[in-house]
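Asks: Need coordinates for the below:
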Amino acid sequence: MKLSESTLNQFLLFQRNEITEYRIYCELAKVTRNSANREVLNRIAADELRHYEQLKKATGRDIAPNRFKVWKYVLISRIFGLTFGIKLMEAGEVGAQQSYSEYSDEFEPVGLIAADENEHEQVLIGLIDEERLQYTGSVVLGLNDALVELTGALAGFTLALQNTKLIAMTGAITGIAAALSMATSEYLSTKAEETEKHPVKASLYTGAAYIFTVLLLITPYLIFQNYFVCLAITLALGLLIIASFNYYIAVARDLNFRRRFLEMAGLSLGVAAVSFLVGFLLRKFTGISV
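Replies: Residues are numbered from 1 along each chain as shown. I've put the predicted structure just below:
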């Protein structure tokens with residue numbers, strides 16, 4: 001069929017995208033251990049290859065995949081999980097589906113490709129299953145409690161103690177003790193709920209998330225001497241943790257990032273502000289200095 005130059009160039013872009021995603025799904029299917037996930041990925045890879053062949057009939061050309069994109073999304077999926085990597089890639093297909101629809105009158109199979117792309121996303125949402133996403137509630141519990149409690153505690157310690165090493169030591173003891181307490185509580189809670197989650201794994205996810213947050217938040221007090229600078233960096237790190245984790249969950253679970261981020265950040269900063277004020281008042285009215 002005869003295509004205009006602009007349509008040909010657009011179809012070649014479509015074609016490269018399809019062969020690239022075919023390679024991504026094939027590579028992910030090779031490394032996933034879950035047989036059900038592998039079957040879904042192979043089926044979608046076959047559809048992507050079929051789309052490529054349909055577009056090739058219109059363009060009459062072979063196109064090589066974008067190897068950097070293949071490497072990038074396979075690496076992201078290996079590090080952050082299959083669901084996150086695929087959802088991140090599929091998020092870019094919304095615009096592609098609309099672009100496909102614009103050319104359905106010139107080449108009918110393009111409209112069918114757009115419908116297939118939408119189906120892919122729905123299949124992935126329903127069938128991809130990962131252990132780490134089953135325990136996001138436990139991770140949220142550990143992160144949220146550590147951020148709210150420790151940012152508040154460190155803010156209070158900062159003004160009450162005014163010694164960076166002492167603040168770091170006190171924060172570490174407080175944080176690790178709280179992490180062990182939270183992990184134990186999560187174990188007992190999960191065991192009582194009779195869910196598919198394993199109580200030991202749930203407690204480990206909660207405890208690990210808590211301790212990781214504790215270590216990150218006290219690090220500025222081990223590096224810098226000015227305790228106000230340390231507190232500012234700690235609060236910034238807290239916001240970074242909140243933003244990073246909520247972005248991950250928003251992509252993997254199709255949730256509202258902005259609402260979750262503002263809610264969690266507001267709680268952490270609010271508690272820190274109140275604790276800072278408490279530390280100031282205690283120091284002033286008790287007359288105790290360290």
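Asks: Need the three-state assignment for L255.
Replies: Per DSSP: H, G, I helix; E, B strand; the rest coil, the secondary structure class of L255 is coil.
Asks: same deal with the one 3 residues further on?
Replies: For R258, the secondary-structure state derived from three-state DSSP is helix.
Asks: Could you check which helix or strand contains I241?
Replies: helix 227-253 (DSSP states H and E).
Asks: buried sites along that helix?
Replies: For helix 227-253, the neighbour count (16 or more other CB atoms under 10 Å) marks 227, 230-231, 233-235, 237-239, 241-242, 245-246, 248-252 as buried. Backbone N, C-alpha and C define where each C-beta goes, glycine included.
Asks: Packing partners of it?
Replies: Here helix 227-253 touches helix 82-91, helix 136-161, helix 164-193, helix 199-223, helix 257-286, going by 3 or more CB pairs under 8 Å, 6 or more residues apart in numbering; DSSP states H and E.
Asks: which SSE is N9 in?
Replies: Per DSSP H and E: helix 5-31 holds N9.
Asks: For L75, what are phi and psi?
Replies: phi -60, psi -50 (degrees, to the nearest 10).
Asks: What number of residues are in the vicinity of it?
Replies: When neighbours are counted by other CB atoms under 10 Å, L75 registers 11.
Asks: show me the contacts for it.
Replies: With CB atoms under 8 Å, 6 or more residues apart in numbering as the criterion, no residue contacts L75.
Asks: Next: T190.
Replies: Contacts of T190 (CB under 8 Å, 6+ apart): 138, 197-199, 202-203.
Asks: Could you measure from the closest residue to A45 other than its chain neighbours over to R38?
Replies: Once flanking residues are discounted, A45 sits nearest to Y25: 3.7 Å by CB to CB, 6 or more residues apart in numbering. Separation of Y25 from R38 (CB to CB, to the nearest Å) stands at 10 Å.
Asks: So if I had to pick from the two, which one is more boxed in?
Replies: Comparing Y25 with R38 by other CB under 10 Å, the one with more neighbours is Y25, at 27 against 15.
Asks: right, and that one touches L41 too?
Replies: Yes. Between Y25 and L41 there is a contact under CB atoms under 8 Å: 5.0 Å.
Asks: got the contact list for the spatially most central residue of the chain?
Replies: Centroid check for the chain by CA atoms, centre = their mean gives Y248 as the closest residue, at 1.3 Å. By CB under 8 Å, 6+ apart, the contact list for Y248 reads 80, 84.
Asks: please redo it, this time with the cut-off set to 10 Å
Replies: Residues in contact with Y248 (CB atoms under 10 Å, 6 or more residues apart in numbering) are 80-81, 83-84, 87-88, 133, 136, 139, 257.
Asks: Can you turn the buried part of those into a ChimeraX selection?
Replies: Buried subset of those, written as a ChimeraX selection, criterion 16+ other CB under 10 Å:
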select :81,83,84,87,88,133,136,139
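Asks: Lowest-confidence entry in the contacts of Y248?
Replies: Least confident by pLDDT among these: that is L133, with 66.
Asks: I'd like the average pLDDT over the helix holding N9.
Replies: 87.
Asks: So which bits of that helix are buried?
Replies: For helix 5-31, using 16+ other CB under 10 Å, the buried residues are 7, 10-12, 14-29.
Asks: Then stretch 197-207?
Replies: In stretch 197-207, counting by 16+ other CB under 10 Å, buried: 197-199, 201-207.
Asks: For G142, give its distance to E186.
Replies: Distance of G142 to E186, given as CB to CB: 8 Å.
Asks: what is in contact with the two at once?
Replies: By CB under 10 Å, 6+ apart, the residues touching both G142 and E186 are 203-207, 210.
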